[in-house]
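[1] Provided below are the primary sequence and the corresponding predicted coordinates.
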Amino acid sequence: MLNLNKFANQKGWGIRQATLIFCFLYCSSVFAEGLYKYAAIEHLFEQKVGIIVLNAVYKKLDFKIEVSALPAKRAQLEASTGMLDGEVMRIWSYGEQNPQLIRVPTPYYSLNTTAFYLSERSLAITTLSDLQRYKLVVVRGVKHTADITANHNHVEQLNSTDKLLSFVHRGRADVALTNKVDGLIASKRLKLNQQLAHSAPLAVFPLYHYIHEREQHLVAKVDEMIQTMLSSGELAQVIEQAEQQVLNAIH
């Protein structure tokens, strides 16, 4: 004889299981709705500052962000293919080469491309054209130095600013090109600040937040918030605090 009570219990348990699973999935989707995942280029000063500043921008929109620090090429791959929701910051031309990523129109930070070289050589570098006569090293996948050296015959790509400066120190390259603050921090960390000199900034690049086209509904909201914070002076305050925070973490 069929045990109806047992069947009823099993059926009831199945319904309860299904209800619990549905509630779990629904709640997870609700909690995750305001979370966006971005890439940043690892080890670079301006990117670390950008992470802090962008967190402040999204917090004012009641959104959360999660940032993965990656090598530049991998960051580009994961952002452009939609594995992540975009990138924390890149220069203008990055958007021209990655149409899947939408540039938030208002820049919120900038970097200075600067030449670092051995002090004893006293190289005369005041303009970008002066670089043509030298052997250069740049960080692989970083767009501002890639653009500047695109037509240069003697360029080697390395994985970090530390390696750039070590190359120059050992005489394997004449000039390392990087963001000024990033180069100064690396030279101090390597205890090469007495052996290395640097030029005045050779180029200034505004930095923009990039969002994958899948999340294009965010672009106008984020841009409006950046403009609001810029107009009120709050953005400058957040940037100053972020720079100090990154510097304190390094020392």
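    It's in.
[2] Strands of the protein, start to end?
    35-41, 64-70, 86-90, 101-103, 109-118, 136-139, 155-158, 175-179, 196-198, 203-212 (DSSP state E).
[3] would you list those in JSON lines and tack on distance to Gln245 and mean neighbour count?
    All C-beta spots, glycine's among them, are computed from the backbone N, C-alpha and C. Output for these, formatted as JSON lines (distance: least, C-beta to C-beta, whole Å; neighbours: other C-beta atoms under 10 Å):
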{"stretch": "strand 35-41", "distance to Gln245": "15", "mean neighbour count": "21"}
{"stretch": "strand 64-70", "distance to Gln245": "15", "mean neighbour count": "16"}
{"stretch": "strand 86-90", "distance to Gln245": "15", "mean neighbour count": "29"}
{"stretch": "strand 101-103", "distance to Gln245": "26", "mean neighbour count": "21"}
{"stretch": "strand 109-118", "distance to Gln245": "14", "mean neighbour count": "22"}
{"stretch": "strand 136-139", "distance to Gln245": "23", "mean neighbour count": "25"}
{"stretch": "strand 155-158", "distance to Gln245": "27", "mean neighbour count": "18"}
{"stretch": "strand 175-179", "distance to Gln245": "17", "mean neighbour count": "28"}
{"stretch": "strand 196-198", "distance to Gln245": "24", "mean neighbour count": "19"}
{"stretch": "strand 203-212", "distance to Gln245": "18", "mean neighbour count": "21"}
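[4] Could you tell me how far stretch 51-65 lies from the centre of the chain?
    14 Å (C-alpha atoms, centre = their mean, to the nearest Å).
[5] Check stretch 108-115 too.
    13 Å.
[6] for Thr228, what are its contacts?
    The contact partners of Thr228, by C-beta atoms under 8 Å, 6 or more residues apart in numbering, come to Glu234.
[7] what's the distance between it and Val57?
    10 Å (C-beta to C-beta, to the nearest Å).
[8] Where does pLDDT dip in this structure?
    Applying pLDDT under 70 to the chain flags the ranges 1-33, 251.
[9] hmm, 80 instead?
    1-33, 250-251 (pLDDT under 80).
[10] For the residue most central in space within it, name its beta-bridge partners.
    Nearest to the geometric centre of the chain sits Ala40, at 2.9 Å (C-alpha atoms, centre = their mean). With DSSP bridges as the criterion, Ala40 is bridged to Ala69.
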